[in-house]
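Trainee: with the input below, show me the fold.
(one chain, ligands or ions: 1)
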Amino acid sequence: MTVPLILSTWSFGQRGNEAAWPGLARGGHSIDAVERVCQVLEADQEVDSVGFGGLPDSNGHVSLDGCIMLAPNRCGSVCNVRRFMHPVSIARQVMEQTHHVMLSGDGADAFAQAQGFMPADLLAADAQDAYHRWLKERGTVDQSRDKGYSAPRPIDRGASRGQPNDGARAGRLFFHPAPEPPPGRSRDDESKWKGHDTIGVLCIDAHGVLAGACSTSGMPFKLPGRVGDSPIIGHGLYVDPEHGAAVATGTGELIMGVCGSFLAVELMRAGQEPLEAARSVLQRIIDNYDVKPEHQVALIAMRPDGQFASAALRSGYKSSVRGNQRNEVVEPDAVMLR
Ligand code: GLY
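Mentor: Residues are numbered from 1 along each chain as shown. Got it, this is the predicted structure:
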């Protein structure tokens with residue numbers, strides 16, 4: 001596999017890949033590329049699972065998570081950010097400017113402010129509409145499928161609340177009638193919400209340096225305070241310069257119980273190919289959880305030589321690949337459940 005190379009989760013990742021590619025192709029660093037990919041999606045209000053435009057928590061407020069990683073001793077993370085659009089960049093500042101790995105909530109917002117980030121209102125008009133429909137209908141939001149976002153286009157529009165949405169409005173959310181909750185579960189139990197679409201990115205640059213990043217608004221309409229896998233090192237993302245990198249997307253609760261990304265890298269360290277490692281993580285999830293129809297988890301695993309693979313619990317997931325000879329959206333190499 002030739003380098004440089006960028007791998008992103010979901011087809012909307014292609015928009016970020018496009019923006020990051022020119023710098024990377026000129027010899028830029030993988031850490032800048034993964035940050036750029038996430039920044040683009042964080043500013044894109046059409047993407048309802050990341051940054052501005054992300055679906056809010058059950059209290060109507062958007063909260064964001066993100067992380068970035070070069071190596072076990074070079075990583076940063078923030079969760080429950082409520083006043084700033086770019087958690088990935090705040091996470092990078094945590095990595096570069098502090099002795100800590102992770103900041104949360106008010107502390108993360110205060111840190112971002114002190115670092116000079118511009119505060120932003122994160123609730124886009126469409127996400128607010130979706131929230132009001134959710135309050136009324138309490139139906140299942142199906143975000144488990146890749147919705148085939150349109151081809152890459154000029155990005156980072158610096159969108160702000162109330163700006164007209166130039167994307168397809170219809171068809172992004174699929175509301176189904178709410179199922180009866182199982183005994184002992186309330187209708188508000190988020191487990192009935194279908195999977196969602198964290199942007200996760202892995203990159204290897206022309207210097208052979210691996211980097212990864214994640215950014216998400218988390219599970220739609222989640223309980224305030226809930227944190228998923230994405231900002232937690234080893235769960236949503238792990239990078240070991242010697243042995244490889246992995247990134248996960250989907251239902252965080254399933255990924256967290258098996259330390260999904262760390263496990264994939266450890267399996268590569270033990271000699272497994274990327275595909276075998278990604279499949280093993282998903283099998284571990286299947287073996288340990290009562291996997292429900294609404295659950296989705298997908299992983300991308302990459303070795304330091306650029307060999308990579310992706311696998312998903314269910315069909316509907318896609319990855320975006322950008323390399324010297326490739327710029328495409330691809331199906332996963334394995335789907336575990338049919
Ligand atoms: N995978 C993102 C989340 O569960 O929050």
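Trainee: please count neighbours and contacts with C-alpha atoms only from this point.
Mentor: Fine.
Trainee: please name the residues that touch the residue nearest to the spatial centre of the chain.
Mentor: For the chain, the residue lying nearest the average C-alpha position, counting by C-alpha atoms, centre = their mean, turns out to be T198 (2.3 Å). The neighbourhood of T198, defined by C-alpha atoms under 8 Å, 6 or more residues apart in numbering, consists of 9, 49-50, 214-218, 230, 249-250.
Trainee: and with 10 Å instead?
Mentor: With contacts defined as C-alpha atoms under 10 Å, 6 or more residues apart in numbering, the neighbours of T198 are 8-10, 13, 38, 41, 47-51, 65-66, 214-219, 229-230, 236, 247-252.
Trainee: inside helices: which ones of these?
Mentor: Among the contacts of T198, DSSP state H puts 13, 38, 41, 252 in helices.
Trainee: out of those residues, which are close to the ligand?
Mentor: Contacts with the ligand within the ones in helices among the contacts of T198, counted by C-alpha under 6 Å from any ligand atom: G252.
Trainee: adding distance to E266, write the ones in helices among the contacts of T198 out as a markdown table.
Mentor: Rendered in a markdown table, the data for the ones in helices among the contacts of T198 read as follows (distance: C-alpha to C-alpha, whole Å):
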| residue | distance to E266 |
| --- | --- |
| G13 | 26 |
| C38 | 25 |
| L41 | 29 |
| G252 | 19 |
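Trainee: who wins on neighbours among the ones in helices among the contacts of T198?
Mentor: Neighbour counts for those peak at C38, which has 34 neighbours (criterion: other C-alpha atoms under 10 Å).
Trainee: measure it to V47 for me?
Mentor: 11 Å (C-alpha to C-alpha, to the nearest Å).
Trainee: where do the contact lists of the two overlap?
Mentor: In terms of C-alpha under 10 Å, 6+ apart, C38 and V47 are both contacted by the residues 198-199, 216.
Trainee: tell me the contacts of the nearest residue to G200 once chain neighbours are set aside?
Mentor: For G200, ignoring the flanking residues on the chain, the nearest one in space by C-alpha to C-alpha, 6 or more residues apart in numbering is C214 at 4.3 Å. Residues near C214 by C-alpha under 10 Å, 6+ apart: 8-9, 34-35, 37-38, 50, 65-69, 77, 87-88, 91, 198-202, 229-233, 236-237, 247-249.
Trainee: could you rerun that using 7 Å?
Mentor: When contacts are counted by C-alpha atoms under 7 Å, 6 or more residues apart in numbering, C214 is found next to 38, 66-68, 88, 198-201, 230-231, 237.
Trainee: flag every residue of the stretch 51-200 of the chain that's near the ligand.
Mentor: If contact is defined as C-alpha under 6 Å from any ligand atom, the residues of the stretch 51-200 of the chain in contact with the ligand are T198.
Trainee: please work out which residue of the stretch 51-200 of the chain is closest to the ligand.
Mentor: Residue of the stretch 51-200 of the chain nearest the ligand, by C-alpha to the nearest ligand atom: T198 (5.3 Å).
Trainee: can you pull the phi and psi angles for that residue?
Mentor: The phi and psi values for T198, taken as degrees, to the nearest 10, are phi -60, psi 140.
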